[in-house]
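Q: Predicted model and sequence follow; I will ask about them next.
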Number of protein chains: 2
Amino acid sequence: MTVIALLQIDPTVGDIKGNAERISLAASIAHEHGATLAVTPELAMSGYPPRDLLTHSGFVKRCLEEVHDLDVNLPLIVGCPIPPEMERTRPGNGAVRVIPDRPTRVVTQKQLLPTYDVFDEERYFHPDTKPGILRVVDGQSIGVTICEDAWQHTGLVPNDYPVDPIEQLASFSMEGEALILTVNLSSSPYHIRKQGTRAEVAISAARTLNHPFLLCNQVGGNDDLIFDGRSIVAWPDGEIVQAPAWTEGVMLIDTDARTARFIKIDGRDTIKLRICTPPLELPNREEDLLEAVTIGLRDYCTKSGLSSVVLGMSGGIDSAVTAAIAARALGSENVIGISMPSRHSSDHSISDANITAKALGIELLSMPIESMHNPAESILLQEIQNGNPIAAENLQSRLRGLLVMGVANARNAMAMATGNKSELAMGYCTLYGDMAGGYAPLGDVWKTEVYALARAINNEALTAGRIPPISDSTLNKPPSAELAPNQVDEDALPPYEVLDEILRLHMEEGLSGEAIAGFTGKGEAMVADLLTRFGRNEHKRWQMAPSPRVSGRAFGQGWRQPLAAKKE
Amino acid sequence: MTVIALLQIDPTVGDIKGNAERISLAASIAHEHGATLAVTPELAMSGYPPRDLLTHSGFVKRCLEEVHDLDVNLPLIVGCPIPPEMERTRPGNGAVRVIPDRPTRVVTQKQLLPTYDVFDEERYFHPDTKPGILRVVDGQSIGVTICEDAWQHTGLVPNDYPVDPIEQLASFSMEGEALILTVNLSSSPYHIRKQGTRAEVAISAARTLNHPFLLCNQVGGNDDLIFDGRSIVAWPDGEIVQAPAWTEGVMLIDTDARTARFIKIDGRDTIKLRICTPPLELPNREEDLLEAVTIGLRDYCTKSGLSSVVLGMSGGIDSAVTAAIAARALGSENVIGISMPSRHSSDHSISDANITAKALGIELLSMPIESMHNPAESILLQEIQNGNPIAAENLQSRLRGLLVMGVANARNAMAMATGNKSELAMGYCTLYGDMAGGYAPLGDVWKTEVYALARAINNEALTAGRIPPISDSTLNKPPSAELAPNQVDEDALPPYEVLDEILRLHMEEGLSGEAIAGFTGKGEAMVADLLTRFGRNEHKRWQMAPSPRVSGRAFGQGWRQPLAAKKE
């Protein structure tokens, strides 16, 4: 065996036929380029994460049937859910061998089922207990592992598993017949702090196994999960080679000669890949995040059958960055902005939105809300006069949400929510107002990182000789919801650099208020007050639009705070 | 040992101090009435389900510290999360022994961790591997199990567990020292098809163990889960006794004399309980469901610090039933209805809402939407004229949502969404319109069951000599969203008896379209069309308000369909 192909593809959850076609296409490219074995990502046949589709036994069966029906010209290892052998048992997360003219066979099923953060695999799968060994055509054997199976070995998991499949394979290889290499089928999501982690896992496995370790990763977005690709190969001496991020293609590796190429599926461009010693050159953090949220939005729309999006544009940084992401994801002709000035809007709110729309080349509708604002206030006059003044502020935001949804419905487009993670965390946003939308591209991006995205967007435009879409005015004005005269965010919240750090330590590191106060040097009372306000906003967060998860600890399904609970 | 007390209490998730006080209060009642041992529900100290609070190590530690600090006069077994003994390990779901003047001790931790439907316990807990045995004060020993630990024995679980803790205890009791009884700390949620199931579990355990089996269950609502109480005791010969549902109290059982009483915590009324042979007399299904959704709403509001609710009242059955539930839950003085007629509203929509409000004694505001409807249409004129006409229908619903939220915000009240499970399943509802609200009391109730609830509500009023709140007109008119002239639901949907059965078989029984067509005798094409439309509505459902889960298979966290996935 010389050339192995890692099929770095973008499957769609639930689209079994489409995924089979994608696998066949990539496998045929691999065959044309002389590969002798091809490997797909984890659960390529169902797409990852298949979630409750797995509870329909018919779905799991059809996935495996489709593997049997694959028409390929070379041996292939396909990630696929496996119907349970016994009743009252869950399916397996399997790797299936397909060899032309021979029966298909389940090689192994995943042993370590991640059940933390975005993962829920113990809920859906039954674990295997033995390592996967596959005798390939020329009589030599390889090890087969699935994603998390390789992670216990480096300890990069929050809770220890009782077994280590890499050690199992190493023992097998020592005691029995030697394995020539080990493959790993992965659907390993991107997050902003994961840079370099997968290389660590691959190198550690290759060292222990004393043979090359080849990890094939999914690319693209499914639901709220984002996969960056970056399939990777490591040798026992620590050399590595990595496939490009954010693009579908076939990574071809000659493990003996130590050469590697990547054939893009679109256009069939060939990229020569450099074998190197770690550390890998890390990508620019902001540019990488920009790619992540762009691909998240693109795949969310295209996989849902939506081609265009609508958003409110306030002249603020969140909506400007969201518009730019949408133009990157779907093309500027498929993005509709709406400027909706109210009596509290500043002049720059309109002019800045215009600058952004013009620079992006997107349509910008103008819909002043005053003609609705007056009668709405009249209807609610008594309530507003006698009640909590927040009702009046929210009214404007909801009138805007209603117009955005009206345009989206009329055009069969999706509304986008423009809120960022910081304001969503604090509830500094209006439910059914600016929170309205089918997808929130910035919902898992801290406000300070929104500025970083804006710079990356402007740099990209400058490099391409275009006008930067985020104006200096938008970048430099103090953030404001503009729902009351002269209102700025800092009236209600600490500066975002302070807020983001406190919230990140709480959400992502799990620190208590006391620990955060000690760590940051901020006052304990201020931190405690913030976290109390944070804790009171589960109601809003349970109804927020899904967001591309880029932080490793997003709201929504992965942040299961009790709803109605009293917090101490 | 003669008298055992089961403390059927209603803890609040996250309110450690409050839960400790509740436990102490119930334990003191038990002591006053001569109990020699008291038992709480599962995780009484944290409340169930604590969800991601368990990922904060400080929270888990504080729960156990609070157990140490409990001031009680009799031996007590308390359900409490247990900090892990090793690093990189999850906490346990434990039972802790508290005996006056002796150190507290962890007796056992739950072995079987349900991870299906509403349960997520493998995500949060590390399982124990051995049965719980507790030597009580007078030198005799008892078995201690936690909820699901007793369920494998009857096979009433979707997937088999590898061990059966009831068999473990039976073996222990046979081989070693005999156990005199076994207790079970439960937080076993209500659902409409669960009637009699817990009795089966208790009888089966008592038979195998050959001694009494005493199950103490949580009562009340936490988040979207509802607990009915109904603590139960079974003897080996099959006799059983059950505590009342939907009320906090102390169940006192003399297991030798076979007598049982229930002391209500509120008012200290004593109810003598009847020991009987199964089957238990089942409660009226509709009355029981009415109690479930009422207590769900009541606890959701009171535990969140909310005292009043606001809802739109259309004269239709959903809003009438929701208003009646709210009046039962919070008192009629805390319910504000709003009638919001539009140009398409029929006369009866206003008069029927008036009848219901008057019968319930709730405030009814009138806010015709026409003065907002016209300018909104003017702003969106071009979009509506050139686009999808659904935009115009949704506009009305969203104007109403905006007014409901305006009143709710002004009064610091919670808006309620009035939609039922059938229309939410089909997407026959408006996101940010009638779906707006912090809680949807009927969100897990099929439309056909909403009618049953209406009858139960009217019967209750008649029995009490009051006017039935749901008018004949509301009960008998064809369901209509009234968003277009002469619109009725059956224009877009099959009759609800047909729809509900098809959806129930799909969602709750997991049947495919083909199987449903065969089973119901409905056309395959019609079923397939319905399920396709069903499958396209995950977008809406991911943003719906939480609902009291009464069906065993609700939307939201328990129905994790992929969002952006193509369905076949």
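A: Here it is on my side, so go on. The model shown is predicted, which means the values in this text are computed figures rather than measured ones.

Q: and residue A:276, bridged to which residues?
A: Beta-bridge pairing for residue A:276 (DSSP bridges): residue A:240.

Q: does residue A:95 count as helix, strand or coil?
A: The three-state label given to residue A:95 by DSSP: H, G, I helix; E, B strand; the rest coil is strand.

Q: what residues are up against it?
A: Residues counted as contacts of residue A:95 (C-beta atoms under 8 Å, 6 or more residues apart in numbering or on different chains) are A:77, A:78, A:79, A:80, A:106, A:107, A:108, A:109, A:132, A:144, A:146, A:185. (C-beta placed from N, C-alpha, C; glycine too.)

Q: now do residue A:189
A: A:118, A:225, A:226, A:227, A:549.

Q: can you pull the pLDDT of the third one?
A: Reading off the per-residue confidence, residue A:226 sits at a pLDDT of 95.

Q: Regarding it, what is its secondary structure?
A: Assigned by three-state DSSP, the conformation of residue A:226 is strand.

Q: and what of the first one?
A: State at residue A:118, reduced to three classes by three-state DSSP: coil.

Q: same question, the one 10 residues further on
A: Under three-state DSSP, the three-state class of residue A:128 is coil.

Q: So it sits against residue A:112, correct?
A: No: judged on C-beta atoms under 8 Å, residue A:128 makes no contact with residue A:112 at a distance of 9.7 Å.

Q: Show me the longest helix that occurs in chain A.
A: In chain A, assigned by DSSP state H, the helix with the most residues is helix A:390-410.

Q: Report the buried residues of that one.
A: A:391-410 (16 or more other C-beta atoms under 10 Å in any protein chain shown).

Q: Any chance of JSON lines for the contacts of residue A:189, columns distance to chain B and neighbour count?
A: Formatted as JSON lines, the contacts of residue A:189 follow (distance: C-beta to the nearest C-beta, whole Å; neighbours: other C-beta atoms under 10 Å in any protein chain shown):
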{"residue": "A:118", "distance to chain B": "12", "neighbour count": "19"}
{"residue": "A:225", "distance to chain B": "10", "neighbour count": "24"}
{"residue": "A:226", "distance to chain B": "12", "neighbour count": "29"}
{"residue": "A:227", "distance to chain B": "13", "neighbour count": "28"}
{"residue": "A:549", "distance to chain B": "12", "neighbour count": "27"}
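
Q: Relative to residue B:15, which of the residues you listed is nearest.
A: Taking C-beta to C-beta as the measure, residue A:118 is the one of the contacts of residue A:189 closest to residue B:15, at 28.7 Å.

Q: So what does the closest one have for phi and psi?
A: Note on residue A:118: backbone dihedrals following degrees, to the nearest 10 are phi -80, psi 0.

Q: now swap in residue A:216 and tell me
A: Dihedral pair for residue A:216: phi -100, psi 120, per degrees, to the nearest 10.

Q: tell me the contacts of the nearest residue to it once chain neighbours are set aside?
A: Of all residues not flanking residue A:216 in the chain, residue A:6 sits nearest, at 3.7 Å (C-beta to C-beta, 6 or more residues apart in numbering or on different chains). Residue A:6 sits next to A:38, A:39, A:183, A:214, A:215, A:216, A:231, A:233, A:243, A:250, A:251, A:253 when contact means C-beta under 8 Å, 6+ apart.

Q: thinking residue A:151 is in contact with residue A:113, fair?
A: No: counting by C-beta under 8 Å, residue A:151 stays clear of residue A:113, with 11.5 Å between them.

Q: Mind pulling up the pLDDT for residue A:566?
A: With respect to pLDDT, residue A:566 has a value of 57.

Q: hang on, I meant residue A:461
A: 98.

Q: do the same with residue A:393
A: 92.

Q: With residue A:549 instead?
A: What the model reports as pLDDT for residue A:549 is 87.

Q: Same check on residue A:399?
A: At residue A:399, the model reports a pLDDT of 97.

Q: Let me know whether it touches residue B:402 as I believe.
A: Yes: Residue A:399 is within contact range of residue B:402, at 7.0 Å (criterion: C-beta under 8 Å).

Q: what's the overlap in contacts for the two?
A: With C-beta under 8 Å, 6+ apart as the test, residue A:399 and residue B:402 both reach residue A:376.

Q: List the contacts of residue A:98.
A: A:67, A:70, A:72, A:75, A:76, A:77, A:78, A:104.

Q: is it true that residue A:467 touches residue A:461?
A: Yes: counting by C-beta under 8 Å, residue A:467 does reach residue A:461; the two are 6.4 Å apart.

Q: Most neighbours among the contacts of residue A:98, please name it.
A: Most neighbours among the contacts of residue A:98, by other C-beta atoms under 10 Å in any protein chain shown: residue A:78, with 30 neighbours.

Q: Isn't residue A:222 up against residue A:298?
A: No: look at residue A:222 against residue A:298 with C-beta under 8 Å: they stay out of range, at 12.0 Å.

Q: between these two, which one's more packed in?
A: residue A:222 (28 against 18).

Q: Excluding chain neighbours, what is closest to the more buried one?
A: Nearest residue to residue A:222 in three dimensions, chain neighbours excluded: residue A:13, at 4.7 Å (C-beta to C-beta, 6+ apart).

Q: burial count for the residue lying closest to residue A:94 once chain neighbours are set aside?
A: Excluding the flanking residues, the one nearest residue A:94 by C-beta to C-beta, 6+ apart is residue A:82, at 3.8 Å. By other C-beta under 10 Å, 23 other residues sit near residue A:82.
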